[in-house]
Structures are given as C-alpha cells and as structure tokens.
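# Have a look; sequence and predicted model below, questions after that.
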Amino acid sequence: MLGYKMAHRSAVAAALLAIGFGFAGTASAQSAAATQEAPTVYQPTVGQRGKDVVWVPSPQALVDRMLEMAKATPADFLMDLGSGDGRTVITAAKRGINALGIEYNPDMVELSRRAAEKEGVSDKAKFEKADLFETDFSKAQVITMFLLPDINRRLRPKILDLKPGVRVVSNTFDMGDWTPDETADAGGDCTSYCRALLWIVPAKVEGRWKIADGEVSFEQKYQMLAGSVRAGSAVNSLTQGKINGENIVFTAGGVEYTVRINGGAMEGVAKGPGGQKPFKATRG
Ligand SMILES: C[S@@+](CC[C@H](N)C(=O)[O-])C[C@H]1O[C@@H](n2cnc3c(N)ncnc32)[C@H](O)[C@@H]1O
C-alpha cells in the first residue's frame, strides 16, 4: 500500500518531469518535423496517472496465478477493470478465453490493441476505452482487477449483484469486510504486488426456507451463513455455513447439509448419524 502511494507520488513527479520535458519535447518535435522522422511509439511510465488509479502493471507471475485461482477456462468471458497495458486480457486470450479490458486512458487502449495484434490474439483480446464505474460487467464470469481498496469497496455492491458463481480476483487489495474465499502468492522471484485475493459471488439465501418438518432460517453475511434448523420440536444452531456460488454447506445438530440452489428451491443431501437422506427446502 505504501509502495502504491509512493507510486502515486512518483506519478506526480513523472507529471512534473513531463512538464519540464514539454519544452524539450517541443524542440525535438520541431527537429523531427524538419528531418521527417517517424512518430515515436507511445511509452507508458510505471506510476503514471490514471483516472482513479495510477498505472502499475501486475507482475506476470501474479497474472498467471490470478487466472489459475479463478479457474478461468475458454468457457468463460473475462473482464479486467482498468486493464493498463493489456497483459491480463492478453494472457487470458492466449489461454483461449474471450476477454475484454476496460481502460480509461486511450493511449493504453491503443497500446494494448497493438500488443494483442502482435501476440496474435486480437480475435479474443478486446479493449474498450471506458470508465470502469460506468461499465456493465454483468456478462463476465471472471473479473480481474488491480485497483485500490476504496475502489474495490465502491464496486462491491455491483459485484454482489452479479450471478452467483462469478469469480473476482484482485491483485493485492481487499474488499473491506468481505473476506476472500482464497488468497495466494505469485511465488518465484516476484517482489511487489505478489498476492492475489479471490471472491466467489454468493447466492442470496438470507431468510426462511421451508423443509418437510420445519424450517431453515439463514442469516447471511456475504458467503458466510449463520442461523438455525428447526425440525419438528428440535431447534439447532447452524454452524460452518458457507456459500460457494450456488452451492451451500452447513452443519446443524450433528447433521451435515450439502445443497445447491435452484431458483426458489435448494436441493441436496443431509448426512447425519442415521445415514444420508435427500434434503429439499423452498423459500418460505
Ligand atoms: C494499477 S493499474 C492495473 C493495470 C492492469 N490491470 C494490470 O494488472 O497490470 C490500474 C489501471 O486502471 C486504469 N484506470 C484508473 N481509473 C480508471 C477508471 N475509472 N476506469 C478505467 N480505467 C481506469 C489506469 O489507467 C491503470 O491503467
């Protein structure tokens, strides 16, 4: 985080330097025009200003790790929010995944498109010049991002409204009190921004569900579940309740429930001392 702030400061320094170079740039532009030199290719600078976040590229080892954590496959559509030089999108495309980078800086968008072309993946790696806060990412099954904690928190309500099971991977920064389902390090010789955090969008199950001889009452906080199961006259508190997309596991009264949400119903099995029985609940 400190490094990131320093990167932001160095972006300001870079901007000041750029102002200084502006004069030299004008002079060299004149001499370039005079000698008919080819225009220079856009070169981004690490720490350069972005609309809401500076540009710092994710280490390639972490990009690979993020895609592995998300279990991204060619069946997925991936979106990288704030795609920088396009490395995550291009890496995904090389794995056969259709991917779209959203990037506010038009020069970075052009740079990414050229890189995708050079890597031979421009059919799968697409880039759009847009503000991530105004972007519809509801079609993505995998979302990657390297932003900042406050931006992640601002995106959180929109992410939680995505289809259950969507995987979101962030380089380094968390989502406030929504604890990640998994964290992993890039390993190898990665030295900064080497940690990835994965969240799986949980189904919304808060409330009461009817069962044959009673009801299940869920209290949901993101992917974590508390509550109780009432079967006949026995009421047991729910423990170890966790949602993974549309799959839920919880224990109550020594019985372990493994169920899957299917619209307004959940179906699965209840495994207890007396053996395994089918389990079904409907929203009540
Ligand atoms: C830290 S860089 C991450 C780049 C890339 N995702 C990666 O991991 O290498 C953040 C990027 O977000 C872009 N950005 C900042 N604010 C944005 C916004 N509101 N909409 C779209 N892109 C934005 C910046 O220009 C920068 O390229």
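Done, it's in.
# excluding its backbone neighbours, what's nearest Thr91?
Nearest non-adjacent residue to Thr91, counting by CB to CB, 6 or more residues apart in numbering: Val63, 5.1 Å away. (C-beta placed from N, C-alpha, C; glycine too.)
# I'd assumed Ile198 was in a strand, is it?
If you look again at residue 198, you'll see it is Leu, not Ile. Yes - under DSSP: H, G, I helix; E, B strand; the rest coil, Leu198 falls within a strand.
# ok, it - contacts?
Met69, Ala70, Arg167, Val168, Val169, Pro180, Asp181, Glu182, Thr183, Ala184 (CB atoms under 8 Å, 6 or more residues apart in numbering).
# do stretch 139-150 and the ligand meet?
Yes - using CB under 6 Å from any ligand atom, stretch 139-150 reaches the ligand at Phe146.
# what comes up buried for that stretch?
The neighbour-count check on stretch 139-150 (16 or more other CB atoms under 10 Å) flags Ala140, Gln141, Val142, Ile143, Thr144, Met145, Phe146, Leu147, Leu148 as buried.
# Over to the fourth one. Which of the three states is it?
Yep, that's Ile143 we're talking about. strand.
# That one against Phe77, yeah?
No - applying CB atoms under 8 Å as the test, Ile143 and Phe77 come out as separate, 10.0 Å apart.
# so what's the closest residue to Pro106 other than its chain neighbours bridging to?
Spatial nearest neighbour of Pro106, chain neighbours left out: Lys129 (4.9 Å); criterion: CB to CB, 6+ apart. Beta-bridge partners for Lys129, by DSSP bridges, are Glu103.
# ok, how many other residues are close to Lys129?
Residues lying near Lys129 (other CB atoms under 10 Å) number 14.
# what's the domain layout of the protein?
60-200, 207-283 (automatic domain parsing).
# Tabulate those (CSV), appending mean pLDDT.
Formatted as CSV, those follow (pLDDT from 0 to 100):
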stretch, mean pLDDT
domain 60-200, 98
domain 207-283, 96
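# ok, back up a step: contact partners for the residue nearest to Pro106?
Lys129 neighbours (CB under 8 Å, 6+ apart): Glu103, Tyr104, Asn105, Pro106, Val109.
# and the second one, how far is that from Trp209?
From Tyr104 over to Trp209 the distance is 43 Å, taken as CB to CB, to the nearest Å.
# Can you say which of the domains of the chain is packed in most?
Highest mean neighbour count among the domains of the chain (mean count of other CB atoms under 10 Å): domain 60-200, with a mean of 19.
# Distance from it to the middle of the chain?
Between the centre of domain 60-200 and the centre of its chain there are 6 Å (CA atoms, centre = their mean, to the nearest Å).
# so where do the helices sit in this structure?
Assigned by DSSP state H, the helices in the chain fall at 2-35, 60-69, 87-94, 106-118, 149-160.
# so does the shortest one get close to the ligand?
Yes - on the criterion CB under 6 Å from any ligand atom, helix 87-94 is in touch with the ligand at Arg87, Thr88.
# sorry, back to before: Throw the contacts of Leu198 into TSV and include distance to the ligand, thanks.
Below are these laid out as TSV (distance: CB to the nearest ligand atom, whole Å):
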residue	distance to the ligand
Met69	14
Ala70	14
Arg167	16
Val168	13
Val169	10
Pro180	17
Asp181	20
Glu182	18
Thr183	17
Ala184	16
